[in-house]
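Student: any chance you can model this:
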Amino acid sequence: MKLFFRKMFFYSAVLFLFSGVAFAASDETYDKLKLMIDVMEIINANYVAETNPKNLATGAIHGVVRTLDPFSQYMEERAYKEMKSETEGAYSGVGLRIMSKNNYITVISPIPGTPAYKAGILPEDKIVKIDTMSAVGMSSDEAANLMRGKAGAKVKLAILRENTPEEIEFLITREKIKIETVKSIMLDGNTAYIRLSEFNAQSAQDVKKALNDFAKEDMQAVILDLRNNPGGLLDSAIDIIGVFIKDAALALTTKGRTEENKKEYFTSGNALFPEIPFVILVNKGSASASEIVAGAMQDFKRALIVGSNTFGKGSVQTIIPLSDGTALRLTIAKYYLPSGRPINRSEEKQALNGITPDIEIKIPVETEIKLYAQSEMIFAKDKAPKSVVEEKDKVEDEALNKALEIIKEGKVFDAIQESKALEKEKEKSAKERKEKKK
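Tutor: Okay, here's the model as predicted:
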């Protein structure tokens, strides 16, 4: 066993010396690597139960990646294969987008129509136990592996929720998750309502098709609902922005440590609907590509953003396949909107991350739960979904109602200008306060 660890140390040293990666060879680095090998040898020789050196090495790799950020992760072979199948749009599980945050598995958003969504799990819920296993300190890919499984099999999740003193338990039956990203309907006669649950390879095309179909029905305004949309493909987001922006314009910049990770993304300049009144709905479950669309439209003054502050995932991850069938998901850059502002606004030392809506509507957790349960009813025709709630328990969708109200009054563009004027006034006041302190 000692030979195994010494060989691993040798290969690590060679990697550090000869790779073109941005690691600097130093005595301190080698000392730490040697210390890691010493620790693994001590564990292997003295731990109360027999250990597997391969598992120890894998654990060490997980530990290295966890020191980076909540979005980078080492994916073992099974997790990598399942991630690829999920990207293709189908897998068996409960339907949650998750991340590791402050040592907790944190829900970004439940996928609409899935078992987790129907059960009432919410964005920012913390998963503390999966069946009998504690999830505290667990990586997101480990948690995802435990929640996936054969369709029809049950899994128990224990959740910690803000303002709820005790754990909440959910017994959820796994299903085959087939992600239908776009649902649409005409509301109030001539307002196209499109709910986009995720950005995949087909999303932009599906949104365009829905809009073109509604245009034939005298569509007068558009509401794009990005609430609880955790993101997805960047190109899809840029394509959707281009549907509403007349001229070719810089929609997003990514910046990393290397020049190759600095990229600029432009709209096509072939907008289908460059002038139609446009409202976007967001909430704390809107992340990544959702924030790119909402933030860019806000910067372009092209859409009115309504809802609550978004999640704040402003970084780019790439998947790097490794030689043994595993893979590394690594953060390589950060997103910057057309105005130059980052999505992860903590860089500017502001209290909130993400996109701040033009019209903010705060919704209590209890109301969010009921909205999730009844939201599928908007699209129900002859058959009500399983998530239907009784009439007496229904709640008003304040964000959607506000959007419809502003559209009906013909004040979308006025509201956008008012929001920008208010923002400039706030910036001016902040600047004046800063100058007074000098």
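Student: mind checking the SS state of Ile42?
Tutor: When classified by DSSP: H, G, I helix; E, B strand; the rest coil, Ile42 comes out as helix.
Student: what's the longest helix in this structure?
Tutor: If you go by DSSP state H, the chain has its longest helix at helix 412-437.
Student: for the strand or helix carrying Val39, buried residues please.
Tutor: Using DSSP states H and E, Val39 maps to helix 27-46. Buried residues in helix 27-46, counting neighbours by 16 or more other Cβ atoms under 10 Å, are found at Leu33, Met36, Ile37, Met40, Glu41, Asn44. Heads up, the C-betas are built off the backbone N, CA and C, glycines and all.
Student: the closest residue in space to Leu96 that isn't next to it in sequence is in what secondary structure piece?
Tutor: Leaving aside its chain neighbours, Leu96 sits nearest to Ala116 (4.7 Å; criterion: Cβ to Cβ, 6 or more residues apart in numbering). Assigned by DSSP H and E, Ala116 belongs to helix 115-119.
Student: show me the contact partners of the following helix or strand past that helix.
Tutor: Next helix or strand after helix 115-119 toward the C-terminus (DSSP H and E): strand 126-130. Applying Cβ atoms under 8 Å, 6 or more residues apart in numbering, the contact partners of strand 126-130 are 98, 104-107, 134-136, 143, 146-147, 155-161, 167.
Student: mean confidence (pLDDT) on the strand or helix carrying Ile332, please.
Tutor: With elements taken from DSSP H and E, the one containing Ile332 is strand 327-336. Taken as a whole, strand 327-336 has an average pLDDT of 93.
Student: check stretch 182-196 too.
Tutor: 94.
Student: and stretch 112-131, by the same measure?
Tutor: Here stretch 112-131 scores 89 as its mean pLDDT.
Student: repeat that for stretch 402-411.
Tutor: pLDDT averaged over stretch 402-411 gives 97.
Student: so how far is that stretch off the chain centroid?
Tutor: Taking Cα atoms, centre = their mean, to the nearest Å, one finds the center of stretch 402-411 at 29 Å from the center of the full chain.
Student: which residues does the most centrally placed residue in the chain contact?
Tutor: Most central in the chain under Cα atoms, centre = their mean is Pro230, positioned 3.2 Å from the mean C-alpha point. Residues near Pro230 by Cβ under 8 Å, 6+ apart: Arg97, Ile108, Ser109, Glu198, Gly285, Ala287, Ser288, Ser290, Phe311.
Student: give me the pLDDT for it.
Tutor: On the pLDDT scale, Pro230 is placed at 88.
Student: state the distance from the nearest residue to it once chain neighbours are set aside to Glu360.
Tutor: Once flanking residues are discounted, Pro230 sits nearest to Arg97: 3.9 Å by Cβ to Cβ, 6+ apart. Distance, Arg97 to Glu360, using Cβ to Cβ, to the nearest Å: 23 Å.
Student: those two: which is more packed in?
Tutor: Comparing Arg97 with Glu360 by other Cβ atoms under 10 Å, the one with more neighbours is Arg97, at 25 against 12.
Student: ok, what's across the strand from the more buried one?
Tutor: Applying DSSP bridges to Arg97 gives these bridge partners: Ser109.
Student: helix, strand or coil: sort out Asp235 for me.
Tutor: helix.
Student: just list the residues touching it, thanks.
Tutor: Ala204.
Student: before we move on, back to that, so what's the residue nearest to Leu96 up against?
Tutor: Applying Cβ under 8 Å, 6+ apart, the residues near Ala116 are Val94, Gly95, Leu96, Pro110, Phe170, Ile172.
Student: perfect, I'm done here.
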